[in-house]
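# how would this look folded up:
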Amino acid sequence: MIIHADADAFFVSVEQRDHPHLRGRPVVVGPQVVACASYEARSLGVHAGMPLRHALRRWPELVVADFRGEVYEAASAELLALFRDVTPLVEPGSMEEAFLDVSALDGGSVEEAGRVARALRERVRSELGLPVSAGVARAKLFAKLASRRAKPDGLVVVDAETEARVRPRLPVADLWGVGPATSARLHGAGIVLVADLAGWDVDRLVEARVAKAMARNLVAIRDGVDDATIRLPGPRRSISSTRSLGRATRQRSVVEQALRDNVLRALERLGDDPRAPTRLDVHLRYDDQYAVIQPGSLEQPTRDVPTLVGAALAALGRTAYEEDGRGVAMVGVSFALPVPPAGPSA
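Here you go, the predicted structure:
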């Protein structure tokens, strides 16, 4: 049995936890673009990705909370730690959601999985002050659909009978991983619901210009043998840190200091990992949301702070941001890490 646990309106929920006067209000997390909107804001029509100035012009009652990346990352680490306290079989999907395999608990019944999900939600609310919606099902697809249905702050458990009844009626456009282009091709082939996949095999779907991996997934969903495998995250291939500047600027001292801070923060996130960065990229986002990635140069892998800061500042200079007419809204750095050596074979 799989639980899909997903914190509701994560950034906003953290802000409302830390600032009680924001609770129950139409809150968005900025600064330049809506990164997250409370359900009160969503009911007005606000959505993530909307330029903040446009949202405020249309809905002046919106309350804007500053984006606090470090706080959200800390809350994410605590959230995932609670998930792993339930089971070691946790597959993160993003910083606020994950699949949990609880099949080994009390025989893996749907009733027990529902009880575990209910207790997990209560614990996250009690210990972290955050609302989490959860879906429980035999496989990932229905668990994710159930958690989506449970929002906000709810729980939906899908038993075998319900799954069998609902599966054929699912719109293919709502299936996990089916984007607009694939959906359009499927609709063009007369496939609107999962039931419409009857008689189709992988080769025929590929002929309809559906990617082979997606075609296999669609056939598996139709046949009820879709993915229930938890994929544990391997060693990270990179480490990064970004910082929103709040108010866009081209002031060199402000941008450079933010970049230095990001270099130090990224190195801190390596923790006990002994690997040294082999390459770095500097990330900028301007006030019109245009993003730039500027590669840096490292002669050899290193964790030497002056070397990394110097390489990052040199890359920053090559962006010519000071001569650009736009202001810098966000600055960050990412380090590529070497692939860890394989362990001894059995």
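# For the nearest residue to residue 89 once chain neighbours are set aside, what are phi and psi?
Spatial nearest neighbour of residue 89, chain neighbours left out: residue 101 (3.8 Å); criterion: C-beta to C-beta, 6 or more residues apart in numbering. Every C-beta, even on glycine, is put in place using the N, C-alpha and C of the backbone. Backbone torsions of residue 101, given as degrees, to the nearest 10, read phi -90, psi 110.
# pretty sure residue 101 is in contact with residue 88, am I right?
No - between residue 101 and residue 88 there is no contact under C-beta atoms under 8 Å: 9.1 Å.
# which of those two has more neighbours?
Neighbour tally, residue 101 and residue 88, criterion other C-beta atoms under 10 Å: the higher count belongs to residue 101, 21 against 12.
# Of all the residues in the worst-scoring helix or strand of the chain on mean pLDDT, which ones are buried?
Least confident helix or strand of the chain, by mean pLDDT, DSSP states H and E, is strand 238-249 with a mean of 84. Residues 239, 240, 241, 242, 243, 244, 245, 248, 249 are the ones in strand 238-249 that count as buried (16 or more other C-beta atoms under 10 Å).
# What is the neighbour count of residue 126?
The local packing of residue 126 (other C-beta under 10 Å) involves 8 other residues.
# Let me know the secondary structure of it.
Secondary structure, DSSP: H, G, I helix; E, B strand; the rest coil: residue 126 is helix.
# can you tell me how far the residue nearest to residue 89 sits from residue 119?
As judged by C-beta to C-beta, to the nearest Å, residue 101 and residue 119 stand 16 Å apart.
# Tell me which residues touch residue 129, please.
Contacts for residue 129 (C-beta atoms under 8 Å, 6 or more residues apart in numbering) come out as residue 17.
# give the contact list for residue 72.
Going by C-beta under 8 Å, 6+ apart, residue 72 touches 10, 11, 14, 95.
# Closest to residue 128 out of the residues you listed?
residue 14 (9.0 Å; C-beta to C-beta).
# now the contacts of residue 72 in CSV, with secondary structure?
Converted to CSV, those look like this (three-state DSSP):
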residue, secondary structure
10, helix
11, helix
14, helix
95, coil
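# And the furthest pair within these?
14 and 95 (10.8 Å).
# of the two, who's got more company?
More crowded of residue 14 and residue 95, by other C-beta under 10 Å: residue 14, with 24 against 16.
# how near is the more buried one to residue 8?
Taken as C-beta to C-beta, the span from residue 14 to residue 8 is 11 Å.
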